[in-house]
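Visitor: Predicted coordinates and the sequence they were generated for:
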Protein chains: 2
Amino acid sequence: MARNKHPEETVQRILDVAFRLFMEKGYEHTSIQDMIDHLDGLSKGAIYHHFKSKEDILVAVTDKMTEESNQMLAVIRDRTDLTGKEKLKTIFKESLCRSVQDEIFTVAPDFSNSPRLLFSIFRETVDEAAPDYILPILKEGIADGSIRTEYPAELAELILLAANIWMNPMVFDNSPEESYRKFRVFAQMMQGFGLDVVDDEMLGRLQELASVYQKNK
Amino acid sequence: MARNKHPEETVQRILDVAFRLFMEKGYEHTSIQDMIDHLDGLSKGAIYHHFKSKEDILVAVTDKMTEESNQMLAVIRDRTDLTGKEKLKTIFKESLCRSVQDEIFTVAPDFSNSPRLLFSIFRETVDEAAPDYILPILKEGIADGSIRTEYPAELAELILLAANIWMNPMVFDNSPEESYRKFRVFAQMMQGFGLDVVDDEMLGRLQELASVYQKNK
DNA sequence: AAAATACATACCGTCGCGCGGTATGGGATG
DNA sequence: CATCCCATACCGCGCGACGGTATGTATTTT
């Protein structure tokens, strides 16, 4: 294939194919050759020109997966018209809305095939999302009196792990009923921390989300 | 090497070596050849005679890792002199005691190198331990009135994931202080579910455990 | 024109794993 | 007790695929 004047398009194509294959077959069961076969004449050398390793591709893929969500978190975090607790509530409401129409649900992903991919999300949640987005909000909530906790950093981790991993229908392929029950337990947990951030409208949306996902399977 | 009269000893030797290597270098960075090199003349064919794949060895290793712990859970589950809530409390107390002297802490394990190993523990927790041990206890607690929850299956999952994964110092290499704070948050979560199963004695033990682990690093 | 970049091609070492073969045990038979 | 027989513990070579690299070449940029 001839040299491309816009190499970032090539990078994008590689990432798109990698994302799809990782989702369909799992990271460990996707070979570089698999990607090449889906990249219409692109060669192994090309891939290794843009990425230094297969793992490097995984990192790029997960970054892309979370970047959109992280942007939303950043926007809410930086608003000045809400208390800490209200920000938390807004986040969970937004997450539910977005998930319904998320592209992620169109590829029938299966994390249970891909320990590496799950692990990558796992670490992103713990190392980036929790300290960068949830922790500042908890701290703000402590300052403005809307949240009370002694250990905000650990609480941020626990909340986000429960939300991003445990309640993630891609990780556990839950039935709609199961998702609903998990969300109720999650809501109860939050309430136990003095964070009543879940209302009936959100429960309704959840049921909608669960059934959409079920249809795509 | 001559034929062994007791092949289960050979299997045991393979599992011991595999366990050590998985812990030290991670599953994906341990090759069959690595195992052979540590098995004093045993051959590749021998390994594949006893195990049908490398992954099969991983499963056997994790089974062995959790078998001891699961036995303890079964004993407590089947006692008749305790209410459901008391059983839960006993479990957490026992876990802390055992961890201190656990062999696992003598090999400087690093789960962060081994997504496959972590994933294996993860699924064991969700698919086996939670429904087989914690769920019956929660149900019993509901029956005897010591526990109140609408969704015991989901609660069992959440509790055990928090305990086995999030608070596991092998997964997150926490400082003693971090472990302590996580445990406090965990205790608060449990209390939010009406499960006050943590007392001061356990907090003391936790600090002991954390410092032991730190020393071995 | 020179340098940098975007690819292609050919190749390397290692991996998981299967397979044909060998040696050794123990139960059945006499 | 001796012999036979076969299940099985084990050996070790080799296959195909894998992740990754070295080098060459064409095209763009400076």
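Guide: Thanks, I have the structure now.

Visitor: The most centrally placed residue in chain A is in what secondary structure piece?
Guide: Nearest residue to the geometric centre of chain A (C-alpha atoms, centre = their mean): A:Thr66, 5.1 Å. Take DSSP states H and E as the rule and A:Thr66 turns out to sit in helix A:54-77.

Visitor: quick one: average pLDDT of that helix?
Guide: Helix A:54-77 carries an average pLDDT of 93.

Visitor: again, but for stretch A:27-42
Guide: For stretch A:27-42, the mean confidence score works out to 93.

Visitor: Need the distance between the two termini of that stretch.
Guide: For stretch A:27-42, the first-to-last residue distance is 20 Å (C-alpha to C-alpha, to the nearest Å).

Visitor: what comes up buried for that stretch?
Guide: A:Tyr27, A:Glu28, A:Thr30, A:Met35, A:Ile36, A:His38, A:Leu39, A:Leu42 (16 or more other C-beta atoms under 10 Å in any protein chain shown). Using the backbone N, CA and C atoms, a C-beta is placed for each residue, glycine as well.

Visitor: same check, this time on stretch A:164-183
Guide: For stretch A:164-183, by 16+ other C-beta under 10 Å, it's A:164-174, A:176, A:178-183.

Visitor: any idea how chain A splits into domains?
Guide: Under the assignment automatic domain parsing, the domains of chain A span A:7-54, A:63-215.

Visitor: before we move on, the earlier item: just the buried residues of stretch A:27-42: which are in helices?
Guide: The helices, defined by DSSP state H, take in A:Met35, A:Ile36 from the buried residues of stretch A:27-42.

Visitor: how about CSV for the buried residues of stretch A:27-42, with distance to DNA strand C added?
Guide: Output for the buried residues of stretch A:27-42, formatted as CSV (distance: C-beta to the nearest atom of the strand, whole Å):
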residue, distance to DNA strand C
A:Tyr27, 15
A:Glu28, 11
A:Thr30, 15
A:Met35, 11
A:Ile36, 8
A:His38, 13
A:Leu39, 8
A:Leu42, 4
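
Visitor: Of the buried residues of stretch A:27-42, which pair is most distant in space?
Guide: A:Glu28 and A:Leu42 (21.9 Å; C-beta to C-beta).

Visitor: Show me the contact partners of stretch A:187-204.
Guide: A:85, A:88-89, A:92-93, A:96, A:147-149, A:155, A:159, A:162, A:180, A:183-184, A:186, B:149, B:158, B:188-189, B:191-193 (C-beta atoms under 8 Å, 6 or more residues apart in numbering or on different chains).

Visitor: From those, which land in helices?
Guide: A:85, A:88-89, A:92-93, A:96, A:155, A:159, A:180, A:183-184, A:186, B:158, B:188-189, B:191-192.

Visitor: Buried ones from these, can you make that a ChimeraX selection?
Guide: Selecting the buried subset of the ones in helices among the contacts of stretch A:187-204 in ChimeraX, with 16+ other C-beta under 10 Å as the burial test, is done by:
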select /A:85,88,89,92,93,96,155,159,180,183,184,186 /B:158,188,189,192
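
Visitor: Please determine how far A:Gln12 is located from B:Glu28.
Guide: 28 Å (C-beta to C-beta, to the nearest Å).

Visitor: Next one: A:Met35 relative to A:Ala46, how far apart?
Guide: 10 Å.

Visitor: no, scratch that, I was asking about A:Ile36
Guide: Distance from A:Ile36 to A:Ala46, by C-beta to C-beta: 9 Å.

Visitor: got it, and A:Arg79?
Guide: 43 Å.

Visitor: and if you look at A:Ser31?
Guide: Counting by C-beta to C-beta, the gap from A:Ser31 to A:Ala46 is 16 Å.

Visitor: Next: A:Ile137.
Guide: 42 Å.

Visitor: out of those two, which sits in the busier spot?
Guide: A:Ile137 (24 against 20; other C-beta atoms under 10 Å in any protein chain shown).

Visitor: mind listing what the more buried one touches?
Guide: Applying C-beta under 8 Å, 6+ apart, the residues contacting A:Ile137 are A:Ile76, A:Arg77, A:Gly84, A:Lys87, A:Leu88, A:Ile91.

Visitor: one step back: pLDDT value on the residue nearest to the residue nearest to the centre of chain A when sequence neighbours are not counted, please?
Guide: Closest residue to A:Thr66 apart from its sequence neighbours, by C-beta to C-beta, 6 or more residues apart in numbering or on different chains: A:Glu124 at 5.5 Å. According to the prediction, A:Glu124 has pLDDT 90.

Visitor: okay, now A:Glu124: neighbour count?
Guide: A:Glu124, neighbours per other C-beta under 10 Å, totals 19.

Visitor: do the one 10 residues further on as well
Guide: The burial metric for A:Ile134, expressed as a neighbour count using other C-beta under 10 Å, is 25.

Visitor: Stretch A:37-50 near DNA strand D anywhere?
Guide: Yes: counting by C-beta under 7 Å from any atom of the strand, DNA strand D has neighbours in stretch A:37-50: A:Lys44, A:Gly45, A:Tyr48.

Visitor: chain center to that stretch, what's the gap?
Guide: 27 Å (C-alpha atoms, centre = their mean, to the nearest Å).

Visitor: Can I get the helix or strand harbouring A:Gly141 in PDB, CA atoms only?
Guide: Using DSSP H and E, the element containing A:Gly141 is helix A:135-144. C-alpha atoms of helix A:135-144 as PDB (Å, rounded to 0.1, in the frame of the first residue of the first chain):
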ATOM      1  CA  LEU A 135     -12.100  11.900  44.500                       C
ATOM      2  CA  PRO A 136     -12.200  15.700  43.800                       C
ATOM      3  CA  ILE A 137     -16.000  15.600  43.900                       C
ATOM      4  CA  LEU A 138     -16.000  13.700  47.200                       C
ATOM      5  CA  LYS A 139     -13.500  16.200  48.600                       C
ATOM      6  CA  GLU A 140     -15.700  19.100  47.400                       C
ATOM      7  CA  GLY A 141     -18.700  17.400  49.000                       C
ATOM      8  CA  ILE A 142     -16.900  17.200  52.300                       C
ATOM      9  CA  ALA A 143     -16.000  20.800  52.100                       C
ATOM     10  CA  ASP A 144     -19.500  22.000  51.200                       C
END
